[in-house]
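Asker: kindly return the folded structure for what I paste below:
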Amino acid sequence: MKKATKKKYLKALNSGLQAELGKDAGAKFVFHPAGARSKDATGVTASEGSDAQTLEAMERVQARVFAEFSAPEKRRRSEPKAQ
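Answerer: A predicted model of the protein is given here:
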């Protein structure tokens with residue numbers, strides 16, 4: 001995954017988490033390994049202080065966001081349709 005895409009993915013995860021748990025959610029998604037920059041990240045993980053209920057919500061959010069990022073991009077209008 002490209003560096004810019006990793007940043008967008010992390011932002012989408014945290015936006016989804018905030019929408020699901022509210023603005024006062026104590027947990028958030030962070031790059032893995034902890035403290036890694038986007039170019040060095042090998043994945044995402046939960047920040048410290050995530051309880052079981054929060055981790056369940058994070059799992060739902062991550063599945064939803066992953067599906068969005070994995071979906072094929074929409075075809076441009078100039079591209080011919082497959083027959």
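Asker: in the chain, which spans are helices?
Answerer: Assigned helices in the chain, in chain order: 3-21, 52-70 (criterion: DSSP state H).
Asker: need those in JSON lines (columns: distance to V44, mean neighbour count and mean pLDDT).
Answerer: C-beta here means a position set from N, CA and C on the backbone, and glycine is covered the same way. Formatted as JSON lines, these follow (distance: least, C-beta to C-beta, whole Å; neighbours: other C-beta atoms under 10 Å; pLDDT from 0 to 100):
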{"stretch": "helix 3-21", "distance to V44": "6", "mean neighbour count": "16", "mean pLDDT": "91"}
{"stretch": "helix 52-70", "distance to V44": "7", "mean neighbour count": "14", "mean pLDDT": "93"}
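Asker: ok, which of those comes nearest S38?
Answerer: helix 3-21 (4.4 Å; C-beta to C-beta).
Asker: and the closest one, what does it pack against?
Answerer: strand 29-32, strand 43-46, helix 52-70 (3 or more C-beta pairs under 8 Å, 6 or more residues apart in numbering; DSSP states H and E).
Asker: could you check the angle it makes with helix 52-70?
Answerer: For helix 3-21 against helix 52-70, the angle by axes from the mean of the first three to the mean of the last three C-alpha atoms, to 10 degrees is 140 degrees.
Asker: contacts for helix 3-21?
Answerer: With C-beta atoms under 8 Å, 6 or more residues apart in numbering as the test, helix 3-21 has contacts from 1, 25, 27-31, 38-39, 41, 44, 54, 57-58, 60-62, 64-65, 68-69.
Asker: okay, that helix in CSV with CA atoms only?
Answerer: C-alpha atoms of helix 3-21 as CSV (Å, rounded to 0.1, in the frame of the first residue of the first chain):
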residue,chain,number,x,y,z
LYS,A,3,2.2,5.9,1.9
ALA,A,4,-0.6,8.3,1.0
THR,A,5,-3.1,5.4,0.9
LYS,A,6,-1.9,4.2,4.4
LYS,A,7,-2.6,7.7,5.8
LYS,A,8,-6.1,7.8,4.2
TYR,A,9,-6.8,4.3,5.5
LEU,A,10,-5.8,5.2,9.1
LYS,A,11,-7.8,8.4,8.9
ALA,A,12,-10.9,6.5,7.6
LEU,A,13,-10.5,4.0,10.4
ASN,A,14,-10.4,6.7,13.1
SER,A,15,-13.3,8.6,11.5
GLY,A,16,-15.4,5.4,11.5
LEU,A,17,-14.4,4.7,15.1
GLN,A,18,-15.4,8.2,16.1
ALA,A,19,-18.7,7.9,14.3
GLU,A,20,-19.4,4.5,16.0
LEU,A,21,-18.2,5.3,19.6
